[in-house]
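Chemist: got a predicted structure here, sequence first:
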Amino acid sequence: MSELIEAATRVRENAHAPYSHFRVGAAVEDESGRVFTGCNVENATYGLTLCAERVAIFKGVSEGSKRFRRIAVVADTDRLTPPCGACRQILWEFCGDAELTMANLRGQTETLRLSALLPRAFDASFL
Ligand code: THU
């Protein structure tokens, strides 16, 4: 997992966050070990902002990866930053009950499963 955290920490530097000044990096690893990274990308029309997690997932999907087994999210906060609600739903779609590690720049980490963040998730099994 440390490699994913490092990747998320590096890509966080690319965050476009001139409005919130809150920079986030994410990295996801697919089932064959390929890693995709993402940072948050804000917009003057605030609602168009994309979170780091979704950027990472969409980059992977657009490169042909459909399933991811690990996720890392890095922000510069004392309380470790969890994915927002919208990202939890997107992560569930492509990761299922995968391992997610939150980390900060001081090396603190916490790992949990997505089902702990999104209990009783809605997904394609209901359709
Ligand atoms: N943000 C993320 O990119 N991921 C998270 O897990 C939480 C929030 C971004 C969205 C926005 O650019 C900024 O952080 C403040 O909400």
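Modeler: Arrived safely, thanks for sending. Numbers count the residues shown, from 1 in each chain.
Chemist: and stretch 35-49, how far from the chain's centre?
Modeler: Offset of stretch 35-49 from its chain centre (CA atoms, centre = their mean, to the nearest Å): 12 Å.
Chemist: pLDDT score for Phe36?
Modeler: Phe36 carries a pLDDT value of 98.
Chemist: partners of the helix or strand hosting it, with directions?
Modeler: Element membership of Phe36 [criterion: DSSP states H and E] is strand 35-39. The strands beside strand 35-39 in its sheet (DSSP bridges) come out as strand 24-30 (antiparallel).
Chemist: export the partner strand as PDB, just CAs?
Modeler: Extracted in PDB, the C-alpha atoms of strand 24-30 (Å, rounded to 0.1, in the frame of the first residue of the first chain):
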ATOM      1  CA  VAL A  24      -6.200  15.900  -2.500                       C
ATOM      2  CA  GLY A  25      -4.400  13.000  -4.300                       C
ATOM      3  CA  ALA A  26      -5.700   9.600  -5.000                       C
ATOM      4  CA  ALA A  27      -4.300   6.400  -6.500                       C
ATOM      5  CA  VAL A  28      -6.100   3.200  -7.500                       C
ATOM      6  CA  GLU A  29      -4.600  -0.100  -8.400                       C
ATOM      7  CA  ASP A  30      -6.400  -2.400 -10.800                       C
END
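Chemist: chain center to it: distance?
Modeler: The answer for strand 24-30 is 5 Å, by CA atoms, centre = their mean.
Chemist: whatever helix or strand comes next after the strand holding Phe36 vs strand 35-39, what angle?
Modeler: Helices and strands here follow DSSP H and E; after strand 35-39, the next one along the chain is helix 52-62. Between helix 52-62 and strand 35-39, the angle comes out at 140 degrees (axes from the mean of the first three to the mean of the last three CA atoms, to 10 degrees).
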